[in-house]
Structures are given as C-alpha cells and as structure tokens.
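S.K.: below are the sequence and a predicted model; questions follow.
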Amino acid sequence: RMYLDAQRALMAQVQAALSAGNLMRAQERRLQLAAVLATLDQLGAATDPLARRLAEQAYHDGSAQTAKGIGQQIGASVTDVAVPASFTGVQTDAVRTLQDAILGKLDTARRTVGRQVEDVYAKAGRRAVMRSLLGAEGSPQAASAQLAADLRRRGVTGFVDRAGRQWRLDTYAEMAIRTTTREAVVQGSMDRMASHGIDLARISEHASSCTICLPYEGRLISLSGSTTEYQGEAVADASMVPPFHPRCRHSLSPVVVDVEEFIRSQQSAPAGII
C-alpha cells in the first residue's frame, strides 16, 4: 500500500510538472526532480525498517515450522525440540543476508524509477526547446502537453527487470517482498534442520501449482548433497530448493531418518526455546 501511494504521488508530481509547461528551464527541471527523489527517499525511510522486520520474522517462521514438523515425526511437542547452540550464530548471519537482499531489491526499484523520471524531464526540456526553435505547434507548453499524454499511456513508475518482465513500482515491491520472505522461510527451515543434523527435506505440494513448480513438488532433497537415494526414492541436491519463481509459495519440511537416534540427541542436548 505504501508503494502504491508513492507511485500515485510520483505520477501526480510528474504530470503536474509536465502540464505546467516550464520544464525547458534547467533550474525548474532540477527542482522538480529533487521533489521526486525526495518522495522516493521518504518511501525508503518508511518501508525499509518494515522490510527488515518482515525478513527476520519469515526466517524465524521457517525455523518454527521445522521444529513443529520434527515434533510431529518424533511424537513430541514443539517445545520439546531443543534449539541447538549452533543455530544461534547461524541465524544472525542468515537474517542479515536476507535483509540486505530485500533492501537491495527495493532500493534498486526506487533508483530505477528516479532515473526514469530524470529521463522524462530531460526529454521534456529537449522537446520543448526544439519545438520552440522550429515554431512547431506554437509553444513549449504544447510540447509538454504532448509528453504528458505519452506519460499517461506508458507510465513512469514502471520498469523492465533483467528477465524482460514489466513491473509497476508497487507490484514489483510486492513481488520482491513475497519472494524474499519465502526465501527467508526456506532458509530458516534449512538452517534449523542442518543444526539438528537432519539432511533430508521434502518440497511441499499444492493443488494449484504452476508448470514451473510441478516437477519439483514432493521431491526429496539432500541439504548437504551427499545423499542420492533414500528407501528406493531418488534424492536431489539442495540446488532445487524453493522459491522457484517470483511469488512462489513452496516450502520444505524435515525428514527425520532415525527417530530414536534423534530423540537420544535431544535428550543429551540442553533445553531451548523456539
């Protein structure tokens, strides 16, 4: 919602500047661009702390889901699944990496939009000067009006990513948040499993899976890559972990191979909380 509100505010700022017809003056273009960049900076200041908390919470959610899955397999409550001491240091580094990733994506989106607005203003100035010199359509104001009409058709708060997909600022922000928090959930699950010495995990299954995810559904994976077969079932390595595409919903669940051995290891470990 915050990105959508900012997108609308940016469009209003740019359209008002174009409609005023005075962007042929370099000073005016600088002032208008500074206002747009200030809006983008304010957006980042408001949303980046929220994005940090989302990434951290998603990581811990993944860890908690794994503890619940382990508890179900060994016939114990979630609180009986101790938190290994090795997990504490790992989660700090992992959360920081995930936070950096999500903030990097959002910052890239904001900077891309800022450059596009700068290009629009520069184009407006060049077109207005040229038409004024040539006497085309009477005035720079008419040229700016034409550019404003172009802007309404194509938008200025959208951009194309490296894969050639077109995004609006708000939909890209939503995609980045959803995808990176899913990565955080999966990473939290994997780190928690690894700290317990669990090497096997199973990819979740969903009734409405897309063609991209379908080949991976229900597959067993080895976190270490050292296991290739389990009870006659082929095991893939951890390069197959979700998310498999933007907004992917798939996750991992632990597979406790030796329940009795796991229970003994829990009993000898200090008690912990999730």
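M.R.: Alright, I've got the coordinates. In this text the structure is predicted, and so the values were computed from the model without any measurement.
S.K.: every contact and neighbour count from this point should use C-alpha atoms.
M.R.: OK.
S.K.: what ranges does the stretch 151-274 of the chain have for its strands?
M.R.: In the stretch 151-274 of the chain, the strands defined using DSSP state E, counting those that start in this stretch lie at 158-160, 166-168, 200-203, 220-222, 229-230, 233-237, 252-255.
S.K.: most packed of these?
M.R.: strand 220-222 (a mean of 26; mean count of other Cα atoms under 10 Å).
S.K.: tell me what that one is packed against?
M.R.: strand 200-203, strand 233-237 (3 or more Cα pairs under 8 Å, 6 or more residues apart in numbering; DSSP states H and E).
S.K.: could you dump the last one to PDB, C-alpha only?
M.R.: Which is strand 233-237. Output for strand 233-237, consisting of C-alpha atoms alone and laid out as PDB, is shown next (Å, rounded to 0.1, in the frame of the first residue of the first chain):
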ATOM      1  CA  GLU A 233      13.500 -42.900  -3.700                       C
ATOM      2  CA  ALA A 234      15.800 -40.600  -5.700                       C
ATOM      3  CA  VAL A 235      17.100 -37.600  -3.700                       C
ATOM      4  CA  ALA A 236      18.100 -34.300  -5.300                       C
ATOM      5  CA  ASP A 237      20.600 -31.800  -4.000                       C
END
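S.K.: now do it, average pLDDT.
M.R.: On average, the pLDDT along strand 233-237 is 91.
S.K.: so what touches that strand?
M.R.: The contact list for strand 233-237 (Cα atoms under 8 Å, 6 or more residues apart in numbering) reads 219-229.
S.K.: out of the residues you listed, flag the one nearest to D61.
M.R.: Sorting these by how near they are to D61, with Cα to Cα, puts L223 at the top with 18.9 Å.
S.K.: and stretch 243-262, what's buried?
M.R.: Neighbour counts using 16 or more other Cα atoms under 10 Å place 243, 247-256, 262 of stretch 243-262 among the buried residues.
S.K.: no no, stretch 54-72
M.R.: 54-71.
S.K.: TSV for the strands of the stretch 151-274 of the chain, including distance to R29?
M.R.: Supplementary listing: these in TSV, determined by distance: least, Cα to Cα, whole Å:
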stretch	distance to R29
strand 158-160	21
strand 166-168	24
strand 200-203	52
strand 220-222	55
strand 229-230	64
strand 233-237	54
strand 252-255	51
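S.K.: for those strands, which one sits closest to A82?
M.R.: When the strands of the stretch 151-274 of the chain are compared for distance to A82 using Cα to Cα, the nearest one is strand 252-255, at 15.1 Å.
S.K.: columns distance to G75 on top of the helices and strands packed on strand 220-222, output as a markdown table?
M.R.: As requested, the helices and strands packed on strand 220-222 are arranged in a markdown table below (distance: least, Cα to Cα, whole Å):
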| stretch | distance to G75 |
| --- | --- |
| strand 200-203 | 18 |
| strand 233-237 | 24 |
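S.K.: helices along the stretch 51-200 of the chain, start to end?
M.R.: Assignment of helices within the stretch 51-200 of the chain using DSSP state H, counting those that start in this stretch yields the ranges 85-134, 140-154, 169-195.
S.K.: which one of those helices has the lowest average pLDDT?
M.R.: Among the helices of the stretch 51-200 of the chain, helix 140-154 carries the lowest mean pLDDT, a mean of 57.
S.K.: dump stretch 63-72 to PDB, keeping only the CA atoms.
M.R.: Output of stretch 63-72 as PDB, limited to C-alpha atoms (Å, rounded to 0.1, in the frame of the first residue of the first chain):
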ATOM      1  CA  SER A  63      12.600 -22.300  11.900                       C
ATOM      2  CA  ALA A  64       9.400 -22.700  14.000                       C
ATOM      3  CA  GLN A  65       7.600 -24.600  11.200                       C
ATOM      4  CA  THR A  66      10.600 -27.000  11.000                       C
ATOM      5  CA  ALA A  67      10.500 -27.500  14.800                       C
ATOM      6  CA  LYS A  68       6.800 -28.300  14.600                       C
ATOM      7  CA  GLY A  69       7.500 -30.800  11.800                       C
ATOM      8  CA  ILE A  70      10.200 -32.500  13.700                       C
ATOM      9  CA  GLY A  71       8.000 -32.700  16.800                       C
ATOM     10  CA  GLN A  72       5.200 -34.400  14.800                       C
END
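S.K.: pLDDT of that stretch, averaged?
M.R.: In this model, stretch 63-72 has a mean pLDDT of 90.
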